[in-house]
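Novice: Next input, structure requested:
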Amino acid sequence: KKFLWDTLKSGQVIPGYGHAVLRKTDPRYVSQMEFCMKNLPDYPLFKLVNLIYKVAPGVLMEHGKAKNPWPNVDAQSGVIQWYYGVVEYDFYTVLFGIGRALGVLANITWDRALGYAIERPKSVTTDMLEKWAAEGGRKLS
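Specialist: Reported below is the predicted structural model:
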């Protein structure tokens, strides 16, 4: 608890806590936590992250600045990656990107299977958005 307070008082954030949209515990965190409880319950790093999970939300609520004091997926994913030997921090973003790429691949596969036209998204500039808003939100041209 003291370490968390010291971190916050130094102007830093608690990594892995808070989310831009969610206002509850990230379901991806819950899924990964359940995986760890089943498959690596005695792993020291998992035990530490689990302890932080029990303490951090209360500290963040008491601190009062966090809109969401609950853990996000980043609070747990590093434990699993470290356990399986992925110890290069710069590689974590690559794994995140691969997950996104698989979603795009699934989408385009269904588009082809259903005979949808190839999507060619239009770039939108700030000027176009300002014009769109000024015109009451009609179709972008």
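Novice: so where is this protein shaky, pLDDT-wise?
Specialist: Flagging of the chain using pLDDT under 70 yields the residue ranges 138-141.
Novice: how does it look with 90?
Specialist: For the chain, applying pLDDT under 90 flags the ranges 18-26, 28, 64-68, 73-74, 78, 89-100, 103-104, 107, 116-141.
Novice: and the residue located most distally from the centre of it, how far is that from M128?
Specialist: Within the chain, the residue lying farthest from the chain centre (Cα atoms, centre = their mean) is E135, at 35.0 Å. E135 is 11 Å from M128, where distance means Cβ to Cβ, to the nearest Å. For every residue, glycine as well, the C-beta is placed using N, CA and C.
Novice: Same question for G136.
Specialist: From G136 to M128 the distance is 14 Å (Cβ to Cβ).
Novice: Show me the contact partners of the helix or strand encompassing L48.
Specialist: Per DSSP states H and E: L48 is located in helix 44-63. Residues outside helix 44-63 that contact it (Cβ atoms under 8 Å, 6 or more residues apart in numbering) are 1, 4-5, 8, 14, 17-18, 33, 36, 40, 66, 69-71, 75-76, 79, 82-83.
Novice: May I see the ChimeraX selection of the buried members of those?
Specialist: Restricted to buried positions by 16 or more other Cβ atoms under 10 Å, the ChimeraX selection for the contacts of helix 44-63 reads:
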select :4,8,14,17,18,33,36,40,66,69,70,71,75,76,79
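Novice: how does this structure divide up, domain by domain?
Specialist: 1-87, 88-141 (automatic domain parsing).
Novice: list the contacts for D26?
Specialist: Applying Cβ under 8 Å, 6+ apart, we find D26 in contact with 19, 70-73, 75.
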